[in-house]
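1. next comes the sequence, and after it the predicted model I'd like to discuss.
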Amino acid sequence: MRNSDVDGVALEITELDYAIGNRRLFSGLELSVAIGETLAVLGPSGSGKSTLLSCVLGLLRPDRGSVRVAGTEITKLGSRGLAKTRAESIGMVFQFGELLPELSPVENVALAAMLARKASADIYQRAQALLDELGVPEAKTSASLSGGERQRTAVARALINSPVLLLADEPTGALDAEARDKTAGMLFDVPKRHSCGMLLVTHDLAVAARADRVVSIVDGALETVSIKEAVS
Ligand SMILES: Nc1ncnc2c1ncn2[C@@H]1O[C@H](COP(=O)(O)OP(=O)(O)OP(=O)(O)O)[C@@H](O)[C@H]1O
């Protein structure tokens with residue numbers, strides 16, 4: 001499926017309820033991310049940001065509601081369907097990159113295509129082109145890269161299978177201020193260049209401020225945040 005075939009909607013969540021024990025984390029939560037759009041989710045520690053990503057990835061099944069990624073209802077899929085949808089439609093960037101340190105950047109990126117059975121004969125060229133676009137220098141191992149370069153490699157790895165939806169969990173949380181600003185600048189350019197939607201969770205207002213829309217989890221639902229108010 002090409003990203004242009006999904007009605008312009010990367011992610012749509014409706015009427016989402018999720019409780020852990022007696023604590024209701026989401027109550028009728030609604031969210032949508034269009035292709036080319038970036039949405040930042042703010043919220044204090046424990047408000048449910050990572051749980052929201054887990055519901056989108058299908059790692060957690062909500063008590064009620066719908067989660068559609070590129071038009072596919074995640075909540076109804078079995079393990080095989082979930083694995084397929086994750087591989088074909090979702091790219092994920094974690095706080096600490098989670099690269100295989102002994103592999104080179106290009107091997108890390110190409111491996112993601114191989115695991116998704118999307119590796120073509122030109123996979124190394126495609127991986128290298130993405131790394132060049134994102135400004136990652138050549139290196140024998142990823143362990144020798146700077147923190148910012150590792151995160152750029154993680155973004156290239158997330159993009160190699162042309163996802164409709166890019167998820168990012170505190171992608172700049174482990175970087176110093178300069179690397180954070182450079183990495184965030186690169187990351188927020190990705191959705192338009194690669195025709196995907198991006199849902200990013202962060203504590204960092206300076207990072208969130210770059211998004212097209214910013215929301216916060218309040219009483220189990222999302223509220224629009226005006227960054228100017230949040231900073232003051
Ligand atoms: N498996 C679990 N069992 C019990 N409680 C859990 C479980 N997973 C998450 N929680 C609780 O659910 C709440 C939401 O957790 P979550 O990790 O989604 O928050 P968060 O907003 O991502 O926090 P942080 O910013 O600190 O990463 C927290 O209070 C957490 O302790």
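-> Happy to help now that I have it. The structure displayed is predicted, hence computed values, not measured ones.

2. tell me where the chain has strands.
-> For the chain, the strands defined by DSSP state E cover 9-20, 23-34, 38-42, 64-69, 72-73, 90-93, 165-169, 197-201, 213-218, 221-224.

3. list the strands paired with the shortest one, with their directions.
-> Paired strands of strand 72-73, with direction, are strand 64-69 (antiparallel) (DSSP bridges).

4. rounded mean pLDDT for the partner strand, please.
-> Per-residue pLDDT over strand 64-69 has a mean of 97.

5. report the buried residues of that strand.
-> Within strand 64-69, the residues that count as buried by 16 or more other C-beta atoms under 10 Å are 65, 67-69. Any C-beta I mention is one placed from the backbone N, CA and C, and that applies to glycine too.

6. likewise for stretch 191-209?
-> 191, 194-202, 204, 207-208.

7. nearest to the ligand, of the strands of the chain?
-> Between the ligand and these, the tightest spacing by C-beta to the nearest ligand atom is seen for strand 9-20, at 4.5 Å.

8. that closest one to strand 64-69, inter-axis angle?
-> Interaxial angle, strand 9-20 versus strand 64-69 (axes from the mean of the first three to the mean of the last three C-alpha atoms, to 10 degrees): 150 degrees.

9. please tell me how far residue 180 sits from residue 140.
-> Taking C-beta to C-beta, to the nearest Å as the measure, residue 180 falls 26 Å from residue 140.

10. ok, now which ones touch the nearest residue to residue 106 once chain neighbours are set aside?
-> Leaving aside its sequence neighbours, residue 106 sits nearest to residue 127 (C-beta to C-beta, 6 or more residues apart in numbering; 4.8 Å). Taking C-beta atoms under 8 Å, 6 or more residues apart in numbering, we find residue 127 in contact with 106, 109-110, 113, 156, 160.

11. could the residues you listed go into a markdown table alongside neighbour count and distance to the ligand?
-> What follows is the contacts of residue 127, written out as a markdown table (neighbours: other C-beta atoms under 10 Å; distance: C-beta to the nearest ligand atom, whole Å):
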| residue | neighbour count | distance to the ligand |
| --- | --- | --- |
| 106 | 22 | 31 |
| 109 | 30 | 27 |
| 110 | 23 | 31 |
| 113 | 20 | 29 |
| 156 | 29 | 25 |
| 160 | 23 | 26 |
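
12. residue numbers of this structure in contact with the ligand?
-> Counting by C-beta under 6 Å from any ligand atom, the chain comes close to the ligand at 20, 25, 43, 45-51.

13. tally of neighbours for residue 15?
-> As a burial measure, residue 15 scores 13 neighbours (other C-beta atoms under 10 Å).

14. dump the residue contacts of it.
-> 28-30, 64-66.

15. measure it to residue 190 for me?
-> Taking C-beta to C-beta, one finds residue 15 at 29 Å from residue 190.
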